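**Q** need coordinates for the following:
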Amino acid sequence: MKPRKPTLEDQLAVLSAQHSIYPSELFQALLKAKDQKKSTVENLTIEYRGSVNNQAIFLITKDNKVVAQFRVPEETLGQKDISFDNWMNTSRVRKEIAKQNPMPAHMKIGDLNSGMKKVNVIAEVLETPEPSKVHTQFRDNALVANAVIGDETGKVMLCLWDQQVNSVSVGNYIEVKNAHVATFKGENQLRLGRNGSITILEKPLANQTA
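**A** Numbers count the residues shown, from 1 in each chain. As a prediction, the model looks like this:
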């Protein structure tokens, strides 16, 4: 039996897993590249190379090295109701995540710098603002909120999407695993993507000495 040919969802999900990018951000970057010939998302550059047989061709590079090239049906790019919820729940993506290097020990928030990946922190939830609805070209029901978490070295925003939004409350001590650090409005922001996780701790481990 021939192996199943990877679908577009497979390809984008694997790229998301490899580069800690939320699938919707990656898809938005494709749309932007289609309109403007080129776009960037995190450390990836996406170039629109033209269309053949109603399929748009995209080249994805990192540091001038080719990461992937694939075709996306024009019809798919025009869809308004794409759901990304199940994209990461495939055996291929789970294997890709498992191949990632072991996660580092817990870091202090004061030591975080933009661009860091696979970041683990233990912190207290200090603020949980009301979520906002995100309206995009392809989805208008996503929720996003920037919670604020902190330890004895500082504070940082934690970006929460959809079901993550109501998963924590002020006063919770949480362990954030496999996040990456980005810059949002000039400040550091922890992003979970689809590889990161949040666990509510029973004890305030953030106050324990290493």
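
**Q** does residue 60 really touch residue 41, like I thought?
**A** No. The pair residue 60 / residue 41 is not scored as a contact, 9.4 Å apart, by CB atoms under 8 Å. The way it works is simple: take the backbone N, C-alpha and C, and place the C-beta from them, glycine included.

**Q** just checking, next helix/strand downstream of the helix or strand harbouring residue 145?
**A** Residue 145 is located in strand 142-151, with elements delineated by DSSP states H and E. The C-terminal neighbour of strand 142-151 among helices and strands, as given by DSSP H and E, is strand 154-161.

**Q** for that next one, packing partners?
**A** Using 3 or more CB pairs under 8 Å, 6 or more residues apart in numbering; DSSP states H and E as the contact test, the elements touching strand 154-161 are strand 119-127, strand 142-151, strand 173-184, strand 187-191.

**Q** ok, which of those comes nearest residue 30?
**A** strand 142-151 (16.7 Å; CB to CB).

**Q** just checking, next helix/strand downstream of the helix or strand hosting residue 40?
**A** Assigned by DSSP H and E, residue 40 falls within strand 38-41. Counting by DSSP H and E, the next helix or strand C-terminal to strand 38-41 is strand 44-52.

**Q** for that next one, name the packing helices and strands.
**A** helix 23-36, strand 38-41, strand 55-62, strand 65-73.

**Q** buried residues, that strand. List them.
**A** Neighbour counts over strand 44-52 (16 or more other CB atoms under 10 Å) mark 44, 45, 46, 48 as buried.
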